[in-house]
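**Student:** pasted the sequence and its predicted model underneath.
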Protein chains: 2
Amino acid sequence: MYDASVPVFVHFLRSLSVILKKAEVHCTAKKIDPSVILSARLFPDMFPLTRQVQIASDAAKGAGARLTGMAVPSWADEERSFEELQARIARTIAFLSDLKAEQFDGAETREISLKAGGRELNFKGFAYLETWAKPNFYFHVTTAYAILRHNGIELGKPDFLAGGQ
Amino acid sequence: MYDASVPVFVHFLRSLSVILKKAEVHCTAKKIDPSVILSARLFPDMFPLTRQVQIASDAAKGAGARLTGMAVPSWADEERSFEELQARIARTIAFLSDLKAEQFDGAETREISLKAGGRELNFKGFAYLETWAKPNFYFHVTTAYAILRHNGIELGKPDFLAGGQ
């Protein structure tokens, strides 16, 4: 459960960091106000880029905490710049990196409850990781990528897959 | 490895099926030529909806085959309608559903080689599943969802998460 969560989240958080760095460089080169890209969305009732990054962070830290029986750390969603989003990603990676594999012993069958959309959801740890936490995480990382591609930032799927390598 | 692959892919292929069904219903209701939506893309050099669905199918069947030591079935990418995409998804689910958990014994350490972007990539089975096959799969399912949302089809994240329930 450790191997299927912590290093996987860290890998793709590093990808997200690279993707956002390329977006920031693009803004500088093209004299685009970064707030235009940070608030970009694919449809009026979808979340903007900044919120996609925050939710990806939440999915990753939530999984690390819940699978090890910790309270989920609550972080204010106040990021307003690429630099602050990078700090959010770094903080998420640091939180996950502090977790030890032993803390995940028995995580497959741990009872996990969470509230989403006003409903209480109950999972065993394995189903939580595989049908909730990771899919949510990838959903928001990919949507961040899609917002940036739609706005002309030059990215390719290798940026998503490479884990910052 | 079976539990972390076959039922997970099937769950989200069912979500993709529901999402595409809603898109088809939307086209009928709004008198939109389905080919407009099937060929929609988020940026000129990104793949259109049809190709996103085909690649999601390829990621899922590729994982099922490679992790069990089978040749990856090669299917022509000829879908031209929502109905044909639904058949592609159904065929992918049927292929995965025929695999037995025992066939995944030792899959974590199975040597997996594949060609991508002109390079040969080599993985152990676990890393292949967690850093290649599933991320690729979610990337293309989410991009299909994003294309549809961007075109005004009324979907929500529950459609992505629910596995067709």
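**Tutor:** The structure has been received and is ready for your questions. These numbers were taken from a predicted model, which means no experiment stands behind them. Numbering: from 1, shown residues only, chains lettered A, B, ... in the order given.
**Student:** could you find the closest non-adjacent residue to the residue most central in space within chain A?
**Tutor:** Centroid check for chain A by CA atoms, centre = their mean gives residue A:56 as the closest residue, at 2.2 Å. Ranked by CB to CB, 6 or more residues apart in numbering or on different chains and with sequence neighbours excluded, the top spatial neighbour of residue A:56 is residue A:140, at 4.0 Å. C-beta coordinates here come from the backbone N, C-alpha and C atoms, glycine included.
**Student:** what is the burial count for the one you found?
**Tutor:** Residue A:140 has 24 neighbouring residues, counting by other CB atoms under 10 Å in any protein chain shown.
**Student:** following the helix ranked longest in chain A, which helix or strand comes up?
**Tutor:** Among the segments of chain A that qualify as a helix by DSSP state H, the longest is helix A:6-30. Next helix or strand after helix A:6-30 toward the C-terminus (DSSP states H and E): helix A:34-38.
**Student:** by contact count, what packs against that following helix?
**Tutor:** helix A:6-30, helix A:49-67, helix A:82-97 (3 or more CB pairs under 8 Å, 6 or more residues apart in numbering or on different chains; DSSP states H and E).
**Student:** wait, does the longest one contact chain B?
**Tutor:** Yes - in terms of CB under 8 Å from any CB of the partner chain, part of helix A:6-30 sits within range of chain B, namely A:8, A:11-12.
**Student:** and residue A:114, which of the three is it?
**Tutor:** Applying DSSP: H, G, I helix; E, B strand; the rest coil to residue A:114 yields a three-state assignment of strand.
**Student:** pretty sure it sits against residue A:66.
**Tutor:** Yes - if you go by CB atoms under 8 Å, residue A:114 and residue A:66 touch, sitting 7.2 Å apart.
**Student:** looking at these two, which is more packed in?
**Tutor:** residue A:66 (23 against 15).
**Student:** residue A:120 - that's part of a strand, no?
**Tutor:** Yes - inclusion of residue A:120 in a strand is indicated when three-state DSSP is applied.
**Student:** contacting residues for it?
**Tutor:** In this structure, residue A:120 makes contact with A:113-114, judged by CB atoms under 8 Å, 6 or more residues apart in numbering or on different chains.
**Student:** beta partners for it?
**Tutor:** Beta bridges link residue A:120 to residue A:115 when assigned by DSSP bridges.
**Student:** and it, how far is that from residue A:105?
**Tutor:** Here the distance between residue A:120 and residue A:105 works out to 26 Å (CB to CB, to the nearest Å).
**Student:** can you pull the contacts of residue A:141?
**Tutor:** Contacts for residue A:141 (CB under 8 Å, 6+ apart) come out as A:12, A:15-16, A:52, A:56, A:160.
**Student:** correction: residue A:125
**Tutor:** Applying CB under 8 Å, 6+ apart, one finds that residue A:125 lies in contact with A:1, A:66-67, A:106-112.
**Student:** most neighbours, which of the residues you listed?
**Tutor:** Neighbour counts for the contacts of residue A:125 (other CB under 10 Å) peak at residue A:67, which has 26 neighbours.
**Student:** show the model's pLDDT score for it.
**Tutor:** As predicted, residue A:67 sits at a pLDDT of 98.
**Student:** which ones are touching it?
**Tutor:** For residue A:67, the set of contacting residues under the criterion of CB under 8 Å, 6+ apart consists of A:1, A:5, A:104, A:107, A:110, A:112, A:125, A:128-129.
**Student:** how much space separates the residue of chain A most remote from its centre from chain B?
**Tutor:** Relative to the centre of chain A, and counting by CA atoms, centre = their mean, the farthest-placed residue is residue A:31 at 27.2 Å. As defined by CB to the nearest CB, to the nearest Å, residue A:31 lies at a distance of 21 Å from chain B.
**Student:** same question, residue A:69
**Tutor:** Residue A:69 sits 21 Å away from chain B, going by CB to the nearest CB.
**Student:** my guess is that residue contacts residue A:110. True?
**Tutor:** Yes - applying CB under 8 Å as the test, residue A:69 and residue A:110 come out as touching, 6.7 Å apart.
**Student:** tell me the secondary structure at residue A:132.
**Tutor:** Reduced to three states with three-state DSSP, the structure at residue A:132 is helix.
**Student:** what is the burial count for it?
**Tutor:** For residue A:132, the tally of surrounding residues (other CB under 10 Å) stands at 20.
**Student:** got the contact list for the residue lying closest to it once chain neighbours are set aside?
**Tutor:** Nearest residue to residue A:132 in three dimensions, chain neighbours excluded: residue A:123, at 6.4 Å (CB to CB, 6+ apart). For residue A:123, the contacting residues are A:111-113, A:131-132, taking CB under 8 Å, 6+ apart as the criterion.
**Student:** just to revisit the earlier point, would you turn the contacts of residue A:67 into TSV with distance to residue A:92 and pLDDT?
**Tutor:** Putting these into TSV (distance: CB to CB, whole Å; pLDDT from 0 to 100) gives the following:
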residue	distance to residue A:92	pLDDT
A:1	18	97
A:5	13	98
A:104	17	98
A:107	19	98
A:110	21	97
A:112	19	97
A:125	20	98
A:128	18	98
A:129	16	98
